[in-house]
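# Have a look at this prediction, sequence included:
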Amino acid sequence: MTLYGVGLGPGEADLVTVRGKRILETVDVVYSPGRLSRTVATAHVPEERIGDLDFPMTRDEEKLRRAWKEAAAEIAPQAREGDAAFVTLGDPNVYSTFGHLRRTLDAFHPDVNLDVVPGVSAMTAFATALGVEIPAGSGLALREADQGRSPTGPDRMILFKVTDAPATHQGLVDAGYDVTYGRRLFMEQGETVVTDDPGEIDERDYYTLAYATRSDAESELATAQFETADDRSGPVTEERAEGVACGDEPPEVRSDD
């Protein structure tokens, strides 16, 4: 008997993995820690098989520990007698509430068998949503930017929890970064926004990411040569592509006139 930690992906129901969907459809009960994850889960699980858990919106650590102990006490018997799942948006092991549950179960119910099913994280899905590429060999850091913080790092950063975009933006620009923001990417709940203007997303929203790149960041990509091989005319032939990639002048294209 097992408790599965299932990553639901960034928010669209069809971005749940095949394995995650199979488990959700077969376990006895699915526990959800919040409204958004419950919305995704109900696309795969009947309402009567979903169990809601109550977690207070507080930073009081004692209240939070009490809530997690109560949640673990409810889930543990279900996982001993059958199969259960605890769902989270994104991936269960990446900035997720699942970590609190796992630690609480380890402390008070160590006999419960756990299995984690990874999910698509917004930290990676953002690249597709924003239409950017993180080339191989690039330095990339993941930073939290809650309450207007603007941490710095390598040439490329992903910032999550951007709850005060104007304040974060100013700090990043001062540090030499260009910034693009994505709000509620691949989420069915709320409006998706992609912008480089922090004024468009100045209201607080926990589900806002930023992609920051230094203005002088460059990558030497071998295949980037293909994009310039045909700047003048004609299709990119193998001869011209190889010539450009080797640093040679590509041959001139002659007309048949």
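Arrived safely.

# so what's L142 closest to, chain neighbours aside?
I158 (5.2 Å; Cβ to Cβ, 6 or more residues apart in numbering). (Glycine included, C-beta is placed from N, CA and C.)

# How many residues are close by that neighbour?
21 (other Cβ atoms under 10 Å).

# cool, H109 as well?
17.

# Equivalent analysis for I201, please.
Other residues close to I201 by other Cβ under 10 Å number 23.

# in the sheet, who's paired with the residue nearest to L142?
With DSSP bridges applied, I158 shows beta-bridge pairing to L142, Y211.

# measure it to T223 for me?
24 Å (Cβ to Cβ, to the nearest Å).

# before we move on, what about T88?
Taken as Cβ to Cβ, the span from T88 to T223 is 37 Å.

# Just give the nearest non-adjacent residue to V116, would you?
G5 (4.5 Å).

# how many other residues sit next to that neighbour?
24.

# So it lies in a strand, does it not?
Yes. Membership of G5 in a strand is supported by DSSP: H, G, I helix; E, B strand; the rest coil.

# How about the contacts made by it?
With contact taken as Cβ atoms under 8 Å, 6 or more residues apart in numbering, G5 is in contact with 85-86, 88, 92-93, 98, 101-102, 114-117.

# Next, give phi and psi for P92.
The phi/psi pair for P92 (degrees, to the nearest 10) reads phi -60, psi -30.

# Next, count neighbours for it.
26.

# got it, and the one 4 residues further on?
Neighbouring residues of S96 were enumerated by other Cβ under 10 Å; the total is 21.

# ok, it to E191 distance?
S96 is 24 Å from E191, by Cβ to Cβ.

# try I158
21 Å.

# To what extent is F55 buried, counted in neighbours?
16.

# List the contacts of it.
By Cβ under 8 Å, 6+ apart, F55 lies in contact with 33-34, 64, 67-68, 71, 97.

# could I get these as a markdown table with neighbour count and distance to Y206?
Below are these laid out as a markdown table (neighbours: other Cβ atoms under 10 Å; distance: Cβ to Cβ, whole Å):
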| residue | neighbour count | distance to Y206 |
| --- | --- | --- |
| P33 | 22 | 14 |
| G34 | 14 | 11 |
| L64 | 14 | 17 |
| A67 | 19 | 19 |
| W68 | 20 | 20 |
| A71 | 22 | 21 |
| T97 | 20 | 13 |
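
# Inside strands: which ones of these?
Among these, no member falls in strands (DSSP state E).

# Can you lay out those residues as TSV showing pLDDT and distance to D14?
Output for the contacts of F55, formatted as TSV (pLDDT from 0 to 100; distance: Cβ to Cβ, whole Å):
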residue	pLDDT	distance to D14
P33	89	21
G34	86	20
L64	89	33
A67	92	31
W68	93	31
A71	94	28
T97	87	23
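
# Let's see which of these end up in helices.
64, 67-68, 71 (DSSP state H).

# which among those residues gets closest to R19?
A71 (23.9 Å; Cβ to Cβ).

# mind listing what that closest one touches?
By Cβ under 8 Å, 6+ apart, A71 lies in contact with 31, 33, 53, 55, 101, 104.

# All set now, cheers.
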